[in-house]
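In: Fold the stuff below for me.
(one chain, ligands or ions: 2)
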Amino acid sequence: MQLSVVILAAGQGKRMNSDLPKVLQPLAGRPLLQHVIDTASSLGPEAIYVVYGFGGGQVQAAMSQAPVDWVPQPEQLGTGHALMQAMPLIPDGHTVLVLYGDVPLIQAATLRQLLATATAGSLALLTVEVADPTGYGRIMRDGAGAVRSIVEQRDATPLQRKIAEINTGVMAADAAPLRAWLLDVGRNNDQREYLLTDVVAIAVEAGAPVAAVSASGAAEVLGVNDKIQLAQVEANYRQQCARELMLAGATLADPARIDVRGELRVGRDVFIDVNAVFIGKVQLAAGVHVGPNCLIANSRIGAGTQVHANSVIDQAIVGENCRIGPFARLRPDAVLQADVHIGNFVEVKNAEIGAHSKANHLAYVGDATVGSGVNIGAGSITCNYDGANKWPTVIEDGASIGAGSMLVAPVRIGAGSTVGAGSTIAANTPDGKLSLERSKQLSVEGWQRPRKYADAEKQEIIDKALKK
Ligand code: UD1
Ligand code: CA
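Out: Ligands and ions are numbered 1, 2, ... in the order given. Have a look, this model is predicted:
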């Protein structure tokens, strides 16, 4: 079977009250339309046509990487009209799958089932029963249970409005018969639109079999028309991600309080506490523990590592059995080997840190290569920036950097050496020695601690000065 997918995305989405076209509104950090395109791509179609209209330039610009063909619908004359714009591009013999740009959680497995039902000459409809069908098209069946037509909310009688089975909008049929049915779709309704839903009655009239396939549930086919539904879809997406993570072996402190905005892969026995946010591609190996309120973006965390509360990790690679945070920040190109400890208020950027090394409190390690078994004391920083250029710092194996040290790059700290606390080190230090840079400590005889003048005393000083 050769498949052409048509995604209807030309509507303005007035009810969003937003300058951003509806299909670009973000769901889990990606535009709604991107979700639909990704799902469509996974079916291996010959082509994906996106029918665009309102805010088209903005939509195309935002989705310029997408493997789709753009089809303009200059005037939004209804869903039937939208599909008509794409049909001339689709050869007979293809199966056409119609998706909506504002129904983003549709599952590939459901679509495969629908396509399997769309055998030659038939029309396959995706429907679902919902608790509150308000606003949706209702599926009309005859006494024998066969689908006869779809009635839109505005055209439905009070009795028809009680029908719980609704049209998801998703349908599939062979191109040739679909083309013929569309020719018969008129705009003889009070909104003066070409309604795609009319093809159902037309197909039935033509004697074509119409089969309804049930979606897995209402969550999968929820359409986004306003910000309330956008939040619902986000919650459904979150729930779906949480389920997948738990099935993969992760323990979630609360499945309702995890946000996955991208692709999160977990090993066995991962634990994720509340309010963790994952962005882009993140991998947590077996036994990783993520504390509350952590943000992890585009990073890999090695087995057994503990990320404590309120840590932020972005584009970093963390080895096994490390301890990060609480309140740690790993910035792009931080690479930590095994058993590294990065403690509170420590920032690491573009730095490789060897196994068993520690920076436990209040430090900055940037543009650095740190060996193994190194200890970086509290309040020490690599001074990597001279105001114009960034310079590297190298700290060799086993070095110990005393608290409050400034390492002025470019500089190399020798293996097994010690830097005395409070030193400003601007020259390389030799291996195995203590290097320190401090002015001599002195104690001043007869020095008196300043005190506040009493008012009388102050007046006396002023009077004296005036007499001069
Ligand atoms: C549509 C269905 C309804 C179904 C519901 C499911 C019709 C007539 N009604 O109603 O039976 O229950 O979806 O969510 O099909 N679009 C265009 N060009 C247009 C009009 C719409 O591309 O001229 C696109 C929109 O961008 C959107 C999709 O088609 O992605 C659906 O349009 P919308 O206006 O949201 O239809 P609904 O009223 O939700
Ligand atoms: Ca809609």
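In: Kindly indicate whether the residue lying closest to L8 once chain neighbours are set aside is helix, strand or coil.
Out: In space, and not counting its chain neighbours, L8 is closest to A82: 4.6 Å by Cβ to Cβ, 6 or more residues apart in numbering. Every C-beta, even on glycine, is put in place using the N, C-alpha and C of the backbone. Recorded secondary structure, A82: helix (DSSP: H, G, I helix; E, B strand; the rest coil).
In: where along the stretch 51-200 of the chain do the strands fall?
Out: 69-72, 94-100, 123-129, 138-141, 147-151, 165-174 (DSSP state E, counting those that start in this stretch).
In: same thing with the stretch 351-468 of the chain?
Out: Under DSSP E, counting those that start in this stretch, the stretch 351-468 of the chain gives strands at 358-361, 364-370, 375-376, 381-383, 393-395, 400-401, 406-408, 411-413, 418-419, 424-425, 434-435.
In: Quick one: those strands as JSON lines, columns for mean neighbour count and distance to ligand 2 too.
Out: Below are the strands of the stretch 351-468 of the chain laid out as JSON lines (neighbours: other Cβ atoms under 10 Å; distance: least, Cβ to the ion, whole Å):
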{"stretch": "strand 358-361", "mean neighbour count": "20", "distance to ligand 2": "52"}
{"stretch": "strand 364-370", "mean neighbour count": "23", "distance to ligand 2": "49"}
{"stretch": "strand 375-376", "mean neighbour count": "25", "distance to ligand 2": "56"}
{"stretch": "strand 381-383", "mean neighbour count": "22", "distance to ligand 2": "54"}
{"stretch": "strand 393-395", "mean neighbour count": "24", "distance to ligand 2": "56"}
{"stretch": "strand 400-401", "mean neighbour count": "24", "distance to ligand 2": "60"}
{"stretch": "strand 406-408", "mean neighbour count": "20", "distance to ligand 2": "59"}
{"stretch": "strand 411-413", "mean neighbour count": "23", "distance to ligand 2": "61"}
{"stretch": "strand 418-419", "mean neighbour count": "24", "distance to ligand 2": "65"}
{"stretch": "strand 424-425", "mean neighbour count": "19", "distance to ligand 2": "64"}
{"stretch": "strand 434-435", "mean neighbour count": "16", "distance to ligand 2": "69"}
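In: Leaving out the residues flanking it, which one is nearest to N360?
Out: In space, N360 is closest to G343, 3.6 Å off (Cβ to Cβ, 6+ apart).
In: got it, and Y237?
Out: Closest to Y237 by Cβ to Cβ, 6+ apart is A28, at 5.2 Å.
In: Same question for L264.
Out: F278 is the one closest to L264 (Cβ to Cβ, 6+ apart), at 4.5 Å.
In: now for the strand or helix carrying that neighbour, which elements pack on it?
Out: Using DSSP states H and E, F278 sits in strand 276-284. Using 3 or more Cβ pairs under 8 Å, 6 or more residues apart in numbering; DSSP states H and E, the elements in contact with strand 276-284 are strand 258-266, strand 295-297, strand 300-301.
In: quick one, which of those strands is packed in tightest?
Out: Each of those was scored by mean neighbour count; the highest is strand 300-301, a mean of 24, by mean count of other Cβ atoms under 10 Å.
In: Tell me the neighbouring strands of it, and mark each as parallel or antiparallel.
Out: strand 276-284 (parallel), strand 316-318 (parallel) (DSSP bridges).
In: Next, the contact list for the residue nearest to L8, please.
Out: L8, A10, V51, G53, Q73, Q76, L196 (Cβ atoms under 8 Å, 6 or more residues apart in numbering).
In: Now for these: which two are most distant?
Out: G53 and L196 (15.0 Å; Cβ to Cβ).
In: tell me the pLDDT at the residue in the chain that ligand 1 sits nearest to?
Out: Using Cβ to the nearest ligand atom, the single residue of the chain nearest to ligand 1 is G137, 2.3 Å away. Looking at G137, its pLDDT reads 95.
In: same deal with Q25?
Out: So Q25 comes in at 95 (pLDDT).
In: Starting from ligand 2, give me the distance back to it.
Out: 13 Å (Cβ to the ion, to the nearest Å).
In: Which residues of the chain lie near ligand 1?
Out: 8-11, 51, 73, 76-79, 81-82, 100-103, 136-137, 150, 152, 166-169, 195-197, 223, 225 (Cβ under 6 Å from any ligand atom).
In: Kindly write the PyMOL command that selects the buried subset of those.
Out: The buried residues among these can be selected in PyMOL (16 or more other Cβ atoms under 10 Å) with this line:
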select buried, resi 8+9+10+11+51+73+77+78+79+81+82+100+101+102+103+136+137+150+152+166+167+168+169+195+196+197+223+225
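In: where does the stretch 251-400 of the chain dip in pLDDT?
Out: Judged by pLDDT under 70, the stretch 251-400 of the chain has no weakly predicted residues.
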